[in-house]
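In: Sequence and predicted model, in that order:
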Amino acid sequence: MKKYRYILALFLFSIISYFWWSNYDRNSHFQQTSLKLREISEFGQANIGKGNIVSIQPFMFTSDYANLESFYNKIDSYFSKAQEEGFFNEKTVVVLPEHLGTGLIAENEKDAVIKASNIAKACELAIWSNLINFIPEYLNAPDIPNKKEYALFSMKSDKMAHVFNFVFSSMANKYNVYVIPGSIIIRNPEIKEGKLNSNKGDLFNISLLYKPDGTAYPHIIRKACPFKKEQDFIKSGSFENIPVFDLPIGKTKVLISNDAWYPEAYSQNDKNTSIILSPGFLPEKLDEDWKSIVKELQPLPNDINPNKNITTESAQLEHGMPGRLYSNHIPTGVSSFLRGDLWDVPNEGYTIVYNEKEILTGYKVEGASIINLWLN
């Protein structure tokens, strides 16, 4: 009898210890991180009434995702800088990078997740400290290659959607501008009463558009061609369902990252579309051979020769958004890339502006940038 009591006591002690460990050091308050703002530039003739596009390319740290307050303050600081420069008016559209919201997987997690040396360790800690939420999501995951990644994002999806929506709805409303908030991985997203919500179902890499009153347009942009490694747990959208928005700057289409490389994104295009905005993320070095990018583009765009000997940077300009806009006679496009010190996740890139057959780029800075294009 004493043996069973001992086993029961040990079991209860283990349960209590786990819950204490799981909840200890969550939602810590970190000091606001540096903006690392290295460039503020503008192109075009200053405000002649046709509106403008502002690329905010932030430099994010893992602690910026620790809680809603940290994320809000970091993003708001960049918007405040853009406003100080006189870049905002009633016809301004702000575009931010792909995966800007994905780091919210660390929101309200243990300090050890935020401070982990690599993303694999951070994810493992997040799973072990949330087993009660993780296990049901894993068991109910769809039949996909990477159920672990699915379950991790699925268990955090509701809260991630809430924080992402709150922050960027607030930015749009506070600064009275249109906002394309980059992208985030969300489970079966839906816009209800102007707010982003998460439902049961598949994961998608999505973007959306906020109006100056802080409400979101009902049409969600789902990435049509996720990178190969993303396809193991993220479902693809379709080019046919990518919306065209009628904005004060003109008819505008949003293409998430490598979607802008595919001719289908333009063949499905509304013929009157004049602007392409592309939240970007580049996990490869700009000066390296582009073969690693080719491996991630699955399926490969049908008009690309993978055997060409060019760098990732050259491929971005030739086969990415600038080259596609030129061949499809679309006058204007802006792409913004995520930069940061985010565990061990590689990130490269700089803002690319295409305007009237001219490619205008930001500097290759190890930091953040704010680039403004006045439309003439």
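Out: Okay, I see it. Numbering: from 1, shown residues only.
In: hmm, who's touching stretch 176-184?
Out: Under the criterion C-beta atoms under 8 Å, 6 or more residues apart in numbering, residues 54, 88, 90, 92-102, 104, 160-161, 164, 167-168, 171-172, 205-212, 223, 247-248, 254, 256-257, 277, 279, 336, 338 lie in contact with stretch 176-184. For glycine as for every other residue, the C-beta is placed from the backbone atoms N, C-alpha and C.
In: same thing but at 7 Å, please
Out: 88, 90, 92-102, 104, 160, 164, 168, 171-172, 205-212, 247, 254, 256, 277, 279 (C-beta atoms under 7 Å, 6 or more residues apart in numbering).
In: Give me the buried subset of these.
Out: 88, 92-102, 104, 160, 164, 168, 171-172, 205-212, 247, 254, 256, 277, 279 (16 or more other C-beta atoms under 10 Å).
In: Okay, and which of the contacts of stretch 176-184 map to strands?
Out: 92-95, 205-207, 247, 254, 277, 279 (DSSP state E).
In: Make CSV out of these and add pLDDT and distance to T33.
Out: Output for the ones in strands among the contacts of stretch 176-184, formatted as CSV (pLDDT from 0 to 100; distance: C-beta to C-beta, whole Å):
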residue, pLDDT, distance to T33
T92, 98, 26
V93, 98, 26
V94, 98, 21
V95, 98, 22
N205, 98, 25
I206, 98, 26
S207, 98, 24
L247, 97, 32
V254, 97, 28
L277, 98, 26
P279, 97, 21
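In: Mind putting these into a markdown table with distance to K229?
Out: Conversion of these to a markdown table gives the following (distance: C-beta to C-beta, whole Å):
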| residue | distance to K229 |
| --- | --- |
| T92 | 35 |
| V93 | 30 |
| V94 | 29 |
| V95 | 24 |
| N205 | 12 |
| I206 | 18 |
| S207 | 19 |
| L247 | 33 |
| V254 | 22 |
| L277 | 25 |
| P279 | 18 |
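In: and M60, what element?
Out: strand 59-61 (DSSP states H and E).
In: Now do that strand: which elements does it pack against?
Out: strand 339-341 (3 or more C-beta pairs under 7 Å, 6 or more residues apart in numbering; DSSP states H and E).
In: downstream neighbour of the strand it packs on in the secondary structure list?
Out: Downstream of strand 339-341 (by DSSP H and E), the next one is strand 352-355.
In: which residues are contacting the next helix or strand after that following strand?
Out: Note on strand 352-355: by DSSP H and E, the next helix or strand toward the C-terminus is strand 358-361. Outside strand 358-361, the residues within contact range by C-beta under 7 Å, 6+ apart are 43, 317, 322, 350-353.
In: Which SSE is immediately downstream of strand 358-361?
Out: strand 368-374.
In: For that next one, name the packing helices and strands.
Out: Partner elements for strand 368-374 (3+ C-beta pairs under 7 Å, 6+ apart): strand 37-43, strand 52-57, helix 68-84, strand 352-355.
In: Among the ones you listed, which comes closest to L131?
Out: For the helices and strands packed on strand 368-374, the distance to L131 is smallest for helix 68-84, at 24.0 Å, taking C-beta to C-beta.
In: List the buried residues in the closest one.
Out: Buried, per 16+ other C-beta under 10 Å, within helix 68-84: 68, 70-72, 74-75, 77-79, 81-83.
In: do the same with stretch 246-260
Out: So stretch 246-260, judged by 16+ other C-beta under 10 Å, has buried residues 247-260.
In: Send over that stretch as CSV, restricted to the C-alpha atoms.
Out: The C-alpha coordinates for stretch 246-260 follow below in CSV (Å, rounded to 0.1, in the frame of the first residue of the first chain):
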residue,chain,number,x,y,z
ASP,A,246,-9.5,49.4,-55.7
LEU,A,247,-7.5,51.9,-53.7
PRO,A,248,-6.9,55.6,-54.0
ILE,A,249,-3.5,54.9,-55.5
GLY,A,250,-5.1,52.6,-58.2
LYS,A,251,-6.0,49.0,-58.6
THR,A,252,-3.6,47.0,-56.4
LYS,A,253,-2.8,43.4,-56.1
VAL,A,254,-0.8,41.8,-53.2
LEU,A,255,1.5,38.9,-54.0
ILE,A,256,3.2,37.2,-51.1
SER,A,257,6.9,36.7,-51.6
ASN,A,258,7.7,34.1,-54.3
ASP,A,259,4.1,34.2,-55.7
ALA,A,260,5.4,37.2,-57.6
